[in-house]
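A.B. asks: Turn this into a model:
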Amino acid sequence: MFHEKFYLDTILSLEDDAITIIDTNQQVLFWNDAAVQTYNIEQSTILHQSITNYFHSDDLIVLQVLASKEPVKNTYHQPRKDKHVVINAAPVYNEKQELVGAASIERDITQIVKLNNNLETTAAELNELRQRVNMNHEETPFSKLEGKSFPLQQTIQIARKAAKTNATTLILGESGTGKEICARAIHEASDRKSGPFVPVNCGAIPSALFESELLGYEGGSFTGAEKNGKAGKIEMADGGTLFLDEVGELPLEMQVKLLRVLQENRIYRIGDSAGRKVDVRFVAATNQNLGQLMQEKEFRSDLFYRLNVIQLTMPPLRERVDDIPQLTQLFLKQFAIQHQVPTPEIEQDALHVLLDYDWPGNVRELRNFMERIVILSEKPFITKQDVLHYFPNPTLQRNRKEIVTNNLLPQEKAAMEKQRIEEMLQQTNGNKSLTAKQLGISRMTLYNKIKKYGI
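C.D. replies: Numbers count the residues shown, from 1 in each chain. Alright, predicted model coming up:
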């Protein structure tokens, strides 16, 4: 009999599924290597200890089997928030048919569940895209400018008119408002859509290289020049659109040469006196005050008037607050798919924090924050605390105390919240899913509040 125990222990330790055996006092008698791997709890830690020290008693099938004396077969179970298993469990009797404990065998299916959730999320996204393709016949290049707010729609209306012409267009707006997206939309909605769209960041080119970058050069024009010469960005955009981002950063000497191109539709490479004709539509953008730069003699007024045939302004996010919920959902879905995680749901109080913030970095800042929170939170629901925790911006951190202080006193808030939940549960005849939906919170949040308030 003594040797049989060793044989049995060895056989059980070789099993790939987690095996747990407890006695009637709920103490752990056996915990194999697979259980160690599944739950990251060492045998030396859990053996001869109460299993409820490591798992919530409500979450343990093996305890339910111990109490009911009824076995369970192939039952899905989630013993911890981070684990999904299929469990078989049964009571254990001695030779006198006296209950001495219970045993469970648990197969870890956590990765399978996560993959299934990802597939469901991706399938839902694909279905949504199919519906948009099939039902939204008004899909245009300007649809990439997400939002239905009046300021944005005003800008899009002007941009649509600009796209029907070859007129030089100047896009104004703060950093992160989507000026390049707008410029691309103008190009893609124009007759030049089959031609190239060439973006140039004027703030990223050293002053000494501006002329060669924009105009190009002939072979042998200077030491180190390519033998056959090189086309500049303007020439590369022939037949299409050249987008000059941060045009306020152009050096004065380059402004003169750009003005000549705009007037003559001809470029002169470095080392070329004859020039060559180009057919280019110019769209420029800046987040600077060009009027002030002209007063300071840093920007030529004649170039400004050439660029400013059609002017439109991308509104900052603080002036299109109505678009924040739509943009938030869009970015959450995009990054959930990109990082292969389920799309998290943002709770109302978290959304209110986003609505109260002034977003100096505009849509770009919101987009980056949504990616950060998808990567770091790894939770199905985004709460107000998550937003305040993951937001690095000092302005929001300073406002954090103010946001919390402005709420009702905790006791008053709790009493009102409890009353509201009780009323809604009565209206829905105890339907918790419907109650959560009506209250605008997640089911998990509702369950936690019911437990908290003893409802």
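A.B. asks: tell me the contacts of the residue nearest to Thr140 when sequence neighbours are not counted?
C.D. replies: Taking Cβ to Cβ, 6 or more residues apart in numbering, and ignoring the residues beside it in sequence, Thr140 has Ala189 as its nearest neighbour in space, at 6.4 Å. Every C-beta, even on glycine, is put in place using the N, C-alpha and C of the backbone. Listed by Cβ atoms under 8 Å, 6 or more residues apart in numbering, the contact partners of Ala189 are Thr140, Pro141, Phe142, Ala159, Arg160, Ala163, Lys164.
A.B. asks: If any of those residues are buried, give me the ChimeraX selection for them.
C.D. replies: With 16 or more other Cβ atoms under 10 Å as the criterion, this ChimeraX line picks the buried residues out of those:
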select :141,142,159,163
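A.B. asks: Could you find the lowest-pLDDT member of the contacts of Ala189?
C.D. replies: Lowest pLDDT of the contacts of Ala189: Thr140, 79.
A.B. asks: and the gap between that one and Leu446?
C.D. replies: As judged by Cβ to Cβ, to the nearest Å, Thr140 and Leu446 stand 41 Å apart.
A.B. asks: Please apply the same query to Asp9.
C.D. replies: Asp9 is 45 Å from Leu446, by Cβ to Cβ.
A.B. asks: Give me the more crowded residue out of the two.
C.D. replies: Set Asp9 next to Leu446 and count neighbours by other Cβ atoms under 10 Å: Leu446 wins out with 20 against 12.
A.B. asks: buried sites along whichever helix or strand the more buried one is part of?
C.D. replies: Using DSSP states H and E, Leu446 falls within helix 443-453. Of the residues in helix 443-453, Thr445, Leu446, Lys449, Ile450 count as buried by neighbour count, 16+ other Cβ under 10 Å.
A.B. asks: hmm, who's touching the helix or strand containing Ala183?
C.D. replies: Counting by DSSP H and E, the element that carries Ala183 is helix 179-188. Helix 179-188 has contacts (Cβ under 8 Å, 6+ apart) with 140-142, 144-145, 155, 159, 162-163, 169, 171, 173, 193, 197, 199, 240-241, 243, 245, 281, 283, 285, 287, 312, 314.
A.B. asks: any idea of the mean pLDDT in it?
C.D. replies: For helix 179-188, mean pLDDT rounds to 95.
A.B. asks: In this structure, where is pLDDT below threshold?
C.D. replies: Scanning the chain with the threshold set as pLDDT under 70 gives 1-6, 13, 59, 120-121, 123-139, 220-228, 392-413, 440, 443-444.
A.B. asks: Could you break it into its assigned domains?
C.D. replies: If you go by automatic domain parsing, the domain ranges for the chain are 2-108, 114-139, 145-315, 318-405, 410-453.
A.B. asks: so who does Tyr54 touch?
C.D. replies: Contacts of Tyr54 were listed using Cβ under 8 Å, 6+ apart, and they are Tyr39, Ile41, Ile46.
A.B. asks: Save those as TSV, and put in neighbour count too.
C.D. replies: Shown next, in TSV, are the contacts of Tyr54 (neighbours: other Cβ atoms under 10 Å):
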residue	neighbour count
Tyr39	21
Ile41	18
Ile46	20
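A.B. asks: how close does Ile11 sit to Ile19?
C.D. replies: Distance from Ile11 to Ile19, by Cβ to Cβ: 10 Å.
A.B. asks: Looking at those two, which one has more neighbours?
C.D. replies: Each of Ile11 and Ile19 has its neighbours counted (other Cβ under 10 Å); Ile19 has more, 18 against 10.
A.B. asks: Same question for whichever strand or helix holds the more buried one: list its buried residues.
C.D. replies: Using DSSP H and E, Ile19 falls within strand 18-23. Within strand 18-23, the residues scored as buried using 16+ other Cβ under 10 Å are Ala18, Ile19, Thr20, Ile21, Ile22.
A.B. asks: check contacts around the second one.
C.D. replies: Listed by Cβ under 8 Å, 6+ apart, the contact partners of Ile19 are Leu12, Phe30, Trp31, Asn32, Ala34, Ala35, Ala103, Ser104, Ile105, Glu106.
A.B. asks: Just the buried ones from those residues, in ChimeraX syntax?
C.D. replies: Only the buried entries of the contacts of Ile19 go into this ChimeraX selection, using 16+ other Cβ under 10 Å:
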select :12,30,31,32,34,35,103,104,105,106
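A.B. asks: the inter-axis angle of the helix or strand containing Thr435 versus helix 443-453?
C.D. replies: Following DSSP H and E, one finds Thr435 within helix 432-439. On the basis of axes from the mean of the first three to the mean of the last three Cα atoms, to 10 degrees, helix 432-439 is oriented at 100 degrees to helix 443-453.
A.B. asks: Relative to the whole chain's centre, how far out is helix 432-439?
C.D. replies: Centroid separation between helix 432-439 and its chain, computed with Cα atoms, centre = their mean, to the nearest Å, is 26 Å.
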